[in-house]
Structure formats: C-alpha cells, structure tokens
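Asks: Predicted model follows, preceded by the sequence.
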Amino acid sequence: MPTGIRQDPFATFRFLVEIDSLVVAGFSDVSGIQAETETEEYREGGVNEHLHRFRKLTKFPNLVFKRGITDSDALWSWYRDVVDGKVQRRNGAIVLLDREGNPTWRWEFVQAYPVKWTGPDLRADGNTTAIEALELTHNGLKKA
C-alpha cells in the first residue's frame, strides 16, 4: 500500500549531473575533472640559468561517471543518437552535494557528448534505471 512518501533515488548519491540545466542522474563516482596545459621549452642564446616555457594546448580528459541512477532515459537516448550519427553537443555541470543534499561545488563542461555507455547488472529488487558507467568527451571545464 503506498504511503505517499516519495523514495528519492538521488538521496545516497553525492554527485548530480546536469545537462542543459536539467538534473538527469545521480552518480557516486566521477573522474576526469582535470585539465593539463602543455608547455614548449625555448632555450635563449646566452641564457644558461633557465629555459623559457611557453603555454601551448590545454587538454581535458573525458569525464567518466560511475554507479549512477536515474528515473529518466535522457542519457541513454542522447547516447543512442550519437550511435545513429546524430551528435548533439550539450553543456552541463557536475554538482557536488553535501550531506543534506545542498550544492557545494560545481564544475561546468561545454560542448559534450557521450562516447561510452555501460549498463547495469540487472536486479529485480529496484524500480529505477541504473547506469554502471557513462563517458563524455567535452571541449572544456571550469569551476563555477
């Protein structure tokens, strides 16, 4: 018999993923929140104490979300579109939550699309859709 109390599938997850400002899933493990800037060394004639180092390209690895849960098929549909050749780049955010579920940190990524989706081990005792892993490629990351 229903009690009227909603079971929130995001309650035990510490990260949320927003795509186009909508929360689409909660995850317990997120990796790839990093950036690396390459440098080029230049040796100046007559300067023997140091090398000059100049900034080159900044690279952002893929974002990998693991052990997720959602009540929406938005991420799966987005990935299926990529498989079908309809790549739609979207902006999004990774939101770190505190114990009460309030946002504490936020990283925004731009022009992302999914490149890998791994489904769950199916179990009969759940009524939400689990995602074992989702990997997004993107064109930049910033702390908001």
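Replies: Yep, it's here. Residues are numbered from 1 along each chain as shown.
Asks: shaky segments in the chain?
Replies: 1-13, 123-129 (pLDDT under 70).
Asks: Can you show me the helices along it?
Replies: 74-83 (DSSP state H).
Asks: Would you map the strands across it?
Replies: Using DSSP state E, the strands found in the chain span residues 15-19, 22-31, 36-42, 52-59, 63-70, 90-97, 103-118, 129-137, 141-143.
Asks: So which of those is nearest Asp84?
Replies: Among the strands of the chain, the nearest to Asp84 by Cβ to Cβ is strand 103-118 (12.3 Å). C-beta: built from backbone N, CA, C; applies to glycine.
Asks: What helices and strands are in contact with that closest one?
Replies: The helices and strands touching strand 103-118, judged by 3 or more Cβ pairs under 8 Å, 6 or more residues apart in numbering; DSSP states H and E, are helix 74-83, strand 90-97, strand 129-137, strand 141-143.
Asks: For Trp107, find the nearest of these.
Replies: Closest among the helices and strands packed on strand 103-118, using Cβ to Cβ: strand 90-97, at 4.7 Å.
Asks: ok, back up a step: dump the helices and strands packed on strand 103-118 to a markdown table, plus mean neighbour count and distance to Arg55.
Replies: Formatted as a markdown table, those follow (neighbours: other Cβ atoms under 10 Å; distance: least, Cβ to Cβ, whole Å):
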| stretch | mean neighbour count | distance to Arg55 |
| --- | --- | --- |
| helix 74-83 | 15 | 32 |
| strand 90-97 | 18 | 25 |
| strand 129-137 | 19 | 23 |
| strand 141-143 | 13 | 17 |
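Asks: could I get the ones you listed as TSV with distance to Glu108?
Replies: Output for those, formatted as TSV (distance: least, Cβ to Cβ, whole Å):
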stretch	distance to Glu108
helix 74-83	17
strand 90-97	5
strand 129-137	13
strand 141-143	5
